[in-house]
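Novice: Turn this into a structure:
(chains A and B)
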2 protein chains.
Amino acid sequence: MGKEEELPPVLGCYSGQFLIFVPFLPIFLKRFMTPEREAKIKRVLSHRQGSLAVVMENVHDPHNISAVMRTCDAVGVQDVYILTTIIPRHKRFGKTSSASALGWLTIHEYDNTELCMKAVKERYGKVFATHLGVESVSLFDLNLAESVALVFGNEHAGVSEECLSHCDGNFIIPQVGMVQSLNISVACAITLYEAFRQRQIAGLYDGHCRLQEGEWKTLANKWRMYQ
Amino acid sequence: MGKEEELPPVLGCYSGQFLIFVPFLPIFLKRFMTPEREAKIKRVLSHRQGSLAVVMENVHDPHNISAVMRTCDAVGVQDVYILTTIIPRHKRFGKTSSASALGWLTIHEYDNTELCMKAVKERYGKVFATHLGVESVSLFDLNLAESVALVFGNEHAGVSEECLSHCDGNFIIPQVGMVQSLNISVACAITLYEAFRQRQIAGLYDGHCRLQEGEWKTLANKWRMYQ
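Specialist: Numbering: from 1, shown residues only, chains lettered A, B, ... in the order given. Got it, this is the predicted structure:
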């Protein structure tokens, strides 16, 4: 896990030439940030969960994607993997409904399942997919406090067989009603908040940085430029 | 709590006259139901939670209402209270997206806050509202296995002060991101699935009927007519 890194103090120089100024832009911007904004960025970064990620495989509707992103931001998921193999690569991610969440996340786009899942498995301990299959377990029986990536599939076809072959297990959200259908954004929110609940109990929201080495500084610099 | 009631066996008569036939319609229909359908109705009714309800106060968007209804059905909430005081009474509830959930729920419509909350408080032990206020607690600190009604407010204004004055407490869904906004349908799903989780641990989904006296029979008769 990375360590919270402090930026160096503002150097107090501005050359007036753009090319020279660019490397100092984050430092320069920091000078003009309100203490509240700076504190919020630090607080949010300190709750980001480096060991929890979401993979969306061929999720088609941009509104669903942006709703999932909003929930990711809300529970502290930083990394979102977007895999498009049977649909075209997304040009945008539902900017109309929650573009603001997009800016605070790290988006990894793939159009090859094997490469995507290789990258995911290298970084996270377990990979679980939402899928009603043999040996599916209830969401509430998963250990979501461990390092884990959660895969959500296409609105109609679900998670593909190829993608499933890379997963460590399948889970379902239990339903006891007459209508067996939860929207993907709702399913993802239920899943991520169960992860939040478990991780809160496990002390993973105690304010200590849980991002990878150097990620804190990179994100803080990027986020400061959004103001 | 009511007891599962068996319908009498089919009488084997059909007069051919509608007025005479109507009282026997549920019995008649039962004869033509598949055993799977009958079993599903029984299974779903046996998981309905007579001690858990949702109140939507001035929720405006029919899509939000229908998404909430779909989640209610999924976790076994039978009773949904729809209170409209600052918006017109709904003519329909988003039939385009999930009309099918509507048919399996008992909808109580009110346009007077006091009357609505009186009815809710008479039936449920506690009433909690989603509201960021003084003494708000985290969703995960609520006891949702007890008899409880959960109030969700208007998309923009939230729960009204008048409605809040009738509640036993407020709760929030914790968020640790940069964007502080969860859609009402997502917020309701997170809340109801936390209730589901707690109630499952408390044994409230053990298959014993937890509806009010007579409600099982009434609903079963109604539902059998939907096939």
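Novice: wait, does the biggest helix by length in chain A contact chain B?
Specialist: If you go by DSSP state H, chain A has its longest helix at helix A:184-201. Yes: Helix A:184-201 lies within reach of chain B by CB under 8 Å from any CB of the partner chain, at A:185, A:186, A:189, A:190, A:193, A:194, A:196, A:197, A:200. (Glycine included, C-beta is placed from N, CA and C.)
Novice: Could you pull out the buried residues of that helix?
Specialist: A:184-200 (16 or more other CB atoms under 10 Å in any protein chain shown).
Novice: relative to helix B:184-201, how tilted is it?
Specialist: Here the directions of helix A:184-201 and helix B:184-201 differ by 50 degrees (axes from the mean of the first three to the mean of the last three CA atoms, to 10 degrees).
Novice: and helix A:184-201, how far out from the chain's middle?
Specialist: How far helix A:184-201 lies from its chain's middle: 12 Å, per CA atoms, centre = their mean, to the nearest Å.
Novice: Can you tell me what sits against stretch A:196-211?
Specialist: Contact partners of stretch A:196-211, identified using CB atoms under 8 Å, 6 or more residues apart in numbering or on different chains, comprise A:1-4, A:43, A:45-52, A:75-76, A:78, A:143-145, A:216, A:219, B:140, B:174, B:176, B:194.
Novice: end to end, how far does that stretch reach?
Specialist: With CA to CA, to the nearest Å as the measure, the ends of stretch A:196-211 fall 16 Å from one another.
Novice: can you redo the residues of helix A:184-201 next to chain B as JSON lines with pLDDT?
Specialist: What follows is the residues of helix A:184-201 next to chain B, written out as JSON lines (pLDDT from 0 to 100):
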{"residue": "A:185", "pLDDT": "92"}
{"residue": "A:186", "pLDDT": "94"}
{"residue": "A:189", "pLDDT": "97"}
{"residue": "A:190", "pLDDT": "97"}
{"residue": "A:193", "pLDDT": "98"}
{"residue": "A:194", "pLDDT": "98"}
{"residue": "A:196", "pLDDT": "98"}
{"residue": "A:197", "pLDDT": "98"}
{"residue": "A:200", "pLDDT": "97"}
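Novice: What is the most widely separated pair among those residues?
Specialist: Within the residues of helix A:184-201 next to chain B, A:185 and A:200 form the most distant pair, 21.9 Å apart (CB to CB).
Novice: Wait, residue A:58 touches residue A:160, no?
Specialist: Yes: if you go by CB atoms under 8 Å, residue A:58 and residue A:160 touch, sitting 7.4 Å apart.
Novice: quick one: common contacting residues for the two?
Specialist: Each of A:85, A:86, A:153, A:154 lies in contact with both residue A:58 and residue A:160 under the rule CB under 8 Å, 6+ apart.
Novice: Walking through chain A, point out its strands one by one.
Specialist: Using DSSP state E, the strands assigned to chain A run over residues A:49-57, A:77-83, A:106-110, A:126-130, A:137-138, A:148-152, A:169-172.
Novice: Tell me which of those strands approaches residue B:122 most closely.
Specialist: Across the strands of chain A, residue B:122 has its closest neighbour in strand A:137-138 (34.4 Å, CB to CB).
Novice: Which secondary structure elements does the closest one sit against?
Specialist: Contact here means 3 or more CB pairs under 8 Å, 6 or more residues apart in numbering or on different chains; DSSP states H and E; on that basis strand A:137-138 packs against strand A:169-172.
Novice: circling back to that earlier point, quick one, which of the shared contacts of residue A:58 and residue A:160 has the minimum pLDDT?
Specialist: In terms of pLDDT, the lowest of these is residue A:86, showing 89.
Novice: and that residue, what does it touch?
Specialist: A:58, A:154, A:157, A:160.
Novice: nearest to chain B, of those?
Specialist: Checking these against chain B with CB to the nearest CB, the nearest one is residue A:154 at 18.1 Å.
Novice: I'd say residue A:102 and residue A:67 touch.
Specialist: No: in this structure, residue A:102 is not within contact of residue A:67 by CB under 8 Å, at 11.6 Å.
Novice: the more surrounded of the two?
Specialist: Between residue A:102 and residue A:67, residue A:67 has the larger neighbour count (other CB atoms under 10 Å in any protein chain shown), namely 25 against 20.
Novice: The more buried one and residue A:185 touch, don't they?
Specialist: Yes: contact criterion CB under 8 Å: residue A:67 and residue A:185 qualify, at 3.5 Å.
Novice: Tell me the residues that contact both of these two, please.
Specialist: Both residue A:67 and residue A:185 are contacted by B:183, B:186, under the criterion CB under 8 Å, 6+ apart.
Novice: separation between residue A:135 and chain B?
Specialist: The gap separating residue A:135 from chain B is 20 Å, by CB to the nearest CB, to the nearest Å.
Novice: Name the residues of stretch A:63-71 that are buried.
Specialist: Those would be A:64, A:65, A:66, A:67, A:68, A:69, A:70, A:71, for stretch A:63-71 by 16+ other CB under 10 Å.
Novice: May I have that stretch exported as CSV, CA atoms only?
Specialist: C-alpha atoms of stretch A:63-71 as CSV (Å, rounded to 0.1, in the frame of the first residue of the first chain):
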residue,chain,number,x,y,z
HIS,A,63,-26.7,5.7,-17.9
ASN,A,64,-26.0,2.4,-16.2
ILE,A,65,-22.2,3.0,-16.6
SER,A,66,-22.4,6.4,-15.0
ALA,A,67,-24.7,5.2,-12.2
VAL,A,68,-22.2,2.5,-11.4
MET,A,69,-19.4,5.1,-11.5
ARG,A,70,-21.3,7.2,-9.1
THR,A,71,-21.6,4.3,-6.6
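Novice: what distance separates that stretch from the middle of the whole chain?
Specialist: How far stretch A:63-71 lies from its chain's middle: 11 Å, per CA atoms, centre = their mean.
Novice: so, in contact with chain B or not, that stretch?
Specialist: Yes: legend: contact between stretch A:63-71 and chain B by CB under 8 Å from any CB is shown at A:67, A:70, A:71.
Novice: can you put the strands of chain A in JSON lines and add mean neighbour count and mean pLDDT?
Specialist: As requested, the strands of chain A are exported to JSON lines (neighbours: other CB atoms under 10 Å in any protein chain shown; pLDDT from 0 to 100):
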{"stretch": "strand A:49-57", "mean neighbour count": "24", "mean pLDDT": "97"}
{"stretch": "strand A:77-83", "mean neighbour count": "23", "mean pLDDT": "97"}
{"stretch": "strand A:106-110", "mean neighbour count": "15", "mean pLDDT": "95"}
{"stretch": "strand A:126-130", "mean neighbour count": "21", "mean pLDDT": "97"}
{"stretch": "strand A:137-138", "mean neighbour count": "12", "mean pLDDT": "96"}
{"stretch": "strand A:148-152", "mean neighbour count": "24", "mean pLDDT": "98"}
{"stretch": "strand A:169-172", "mean neighbour count": "18", "mean pLDDT": "95"}
